[in-house]
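# Compute the structure for the input listed below.
(one chain, ligands or ions: 2)
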Amino acid sequence: MSEYRLTHAVADHRGDLLLEAGTVLDREVMRSMADGATASIRTCRLMDFNRVESDLNDFFSAPPYDVIFKGAGRMRALLDIAGEVTMPEPLLESLYHFRELDFYTYRHTLLVFALSILITRELITDRAAMIQEVLAGPVHDIGKRCVPLEILTKETPLTPAELEHLHHHTLAGYVLLSHYFRDPDILAAKVARDHHERKDGSGYPLGIAMDSLTTDIIMVSDVYDALISPRPYRKASYDNRTALEEMTRQADAGSISQTVVRVLVALNRRSRPQFSQCVLSAEQRGTPPEDNVYGTTQSNEKDGPK
Ligand SMILES: [Fe+2]
Ligand SMILES: [Fe+2]
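Ligands and ions are numbered 1, 2, ... in the order given. Now for the predicted structure:
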């Protein structure tokens, strides 16, 4: 496939159809869909929205995030940048919808957001570029609003058809973010579309070799949180050491960014080393969790982070 074609329809937060299944997302379609949003949409600061800030603080208290986010300096920097993120309200409501119905996705998107802020601070110095980058975090999986809850919360590996429906969240997110921000070129929309692509072309939706620092940051934060967090279909999550080994293996194999994984490893060290001096020792000490189904479906195809 060399074009972005929707496998399923995309509806807005009220359930009104935006684009039908089968639509090819070329420039013209995206532009007219984004321009067609005429009703005025309020924006709101993410951190002021309902319980977002206090939920984030709760999530920081569980390992390994308690180490990663430890320290007044790091927290101040995090809150300073997070405080500048504003979103159209329907997107915040969609995010909050997951708090009620699929708590894993809610927690995951906020932690990817917070982690991507710490990584971005190490790699991007321009403040405006930094804000654009971190804006993608809380909404990178927003297209899951267009995937049935039974699939998102299924406790056993997905069938190939269910997996295809789940993969729809990338293009659905691209459409929804272009629509609500009224801009198909906004970075957050492209990151939602591309965060499951890989640097070696082994990802989806197109299977193209991604070469974008901004996507790399969300990609690594996404894989890491997927490994260490409880998932509906997996009893035990990866322990931190094993997760970092798995990330290092994926970086060595060329599918995710070596540099970003190095930053992640440095963030996990209590001694706070410079990331450029930081690598994980080659010694494999971790063990994947028992009943590990990472990367499997009912037909044993690779899936990876959701
Ligand atoms: Fe995703
Ligand atoms: Fe994700």
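
# give me the number of residues near Arg45?
Neighbour count of Arg45, defined by other C-beta atoms under 10 Å: 15. C-beta here means a position set from N, CA and C on the backbone, and glycine is covered the same way.

# how close does it sit to Asp141?
20 Å (C-beta to C-beta, to the nearest Å).

# again, but for Ile81
20 Å.

# More neighbours: those two, which one.
Taking neighbours as other C-beta under 10 Å, Ile81 and Asp141 compare with Asp141 leading, 29 against 20.

# Skipping its backbone neighbours, what lies nearest the more buried one in space?
Distance criterion C-beta to C-beta, 6 or more residues apart in numbering; nearest residue to Asp141, sequence neighbours excluded, is Thr109 at 5.5 Å.

# Give the full set of residues in contact with the one you found.
Residues in contact with Thr109 (C-beta atoms under 8 Å, 6 or more residues apart in numbering) are Leu95, Phe98, Gly137, Pro138, Val139, His140, Asp141, Ile142.

# Which pLDDT value belongs to the residue of the stretch 1-150 of the chain found nearest ligand 2?
Closest contact between the stretch 1-150 of the chain and ligand 2, by C-beta to the ion, is at Asp141 (4.3 Å). At Asp141, the predicted lDDT confidence score is 98.

# Also Gly304?
52.

# what do you get for Ile41?
So Ile41 comes in at 86 (pLDDT).

# try Pro230
80.

# Does whatever residue of the stretch 151-300 of the chain ends up closest to ligand 2 fall in a helix, a strand, or a coil region?
Minimum separation of the stretch 151-300 of the chain from ligand 2 (C-beta to the ion) falls at Asp222, amounting to 4.2 Å. For Asp222, the assignment made with DSSP: H, G, I helix; E, B strand; the rest coil gives helix.

# hang on, it packs against Val112?
Yes: between Asp222 and Val112 a contact is recorded at 5.5 Å, counting by C-beta atoms under 8 Å.

# Give the intersection of the neighbour lists for these two.
Both Asp222 and Val112 are contacted by His140, under the criterion C-beta under 8 Å, 6+ apart.

# Can you list the neighbours in contact with stretch 71-89?
For stretch 71-89, contacts defined as C-beta under 8 Å, 6+ apart pick out 41-47, 49, 56, 69, 113-114, 117-118, 120-121, 130-131, 134-135, 138-139, 180-181.

# residues contacting the residue of the stretch 1-150 of the chain closest to ligand 2?
So Asp141 contacts Thr105, His108, Thr109, His169, Gly173, Ala192, Lys306 (C-beta under 8 Å, 6+ apart).

# what's the closest non-adjacent residue to Pro134?
Just so we're on the same page, residue 134 is Val rather than Pro. Nearest one to Val134, counting by C-beta to C-beta, 6+ apart, is Ile117 at 5.0 Å.

# for Gly203, same thing?
Nearest one to Gly203, counting by C-beta to C-beta, 6+ apart, is Glu197 at 4.0 Å.

# For this protein, what lies in contact range of ligand 2?
Counting by C-beta under 5 Å from the ion, the positions of the chain adjacent to ligand 2 are Asp141, Asp222.

# could you show me where the helices are in the chain, in order?
Using DSSP state H, the helices of the chain run over residues 27-35, 52-59, 65-68, 72-82, 89-101, 103-123, 127-135, 149-152, 160-181, 187-194, 213-228, 240-252, 258-267.

# could I get those helices as JSON lines with distance to Arg234?
Shown next, in JSON lines, are the helices of the chain (distance: least, C-beta to C-beta, whole Å):
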{"stretch": "helix 27-35", "distance to Arg234": "36"}
{"stretch": "helix 52-59", "distance to Arg234": "19"}
{"stretch": "helix 65-68", "distance to Arg234": "19"}
{"stretch": "helix 72-82", "distance to Arg234": "28"}
{"stretch": "helix 89-101", "distance to Arg234": "18"}
{"stretch": "helix 103-123", "distance to Arg234": "10"}
{"stretch": "helix 127-135", "distance to Arg234": "28"}
{"stretch": "helix 149-152", "distance to Arg234": "14"}
{"stretch": "helix 160-181", "distance to Arg234": "15"}
{"stretch": "helix 187-194", "distance to Arg234": "24"}
{"stretch": "helix 213-228", "distance to Arg234": "10"}
{"stretch": "helix 240-252", "distance to Arg234": "13"}
{"stretch": "helix 258-267", "distance to Arg234": "21"}
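
# isn't Leu149 right up against Glu100?
No: between Leu149 and Glu100 there is no contact, the gap being 10.5 Å when judged by C-beta under 8 Å.

# out of everything not next to it in sequence, what's closest to Arg198?
Ser255 (4.2 Å).

# Over to Ala189?
That would be Leu177: by C-beta to C-beta, 6+ apart, it lies 3.8 Å from Ala189.
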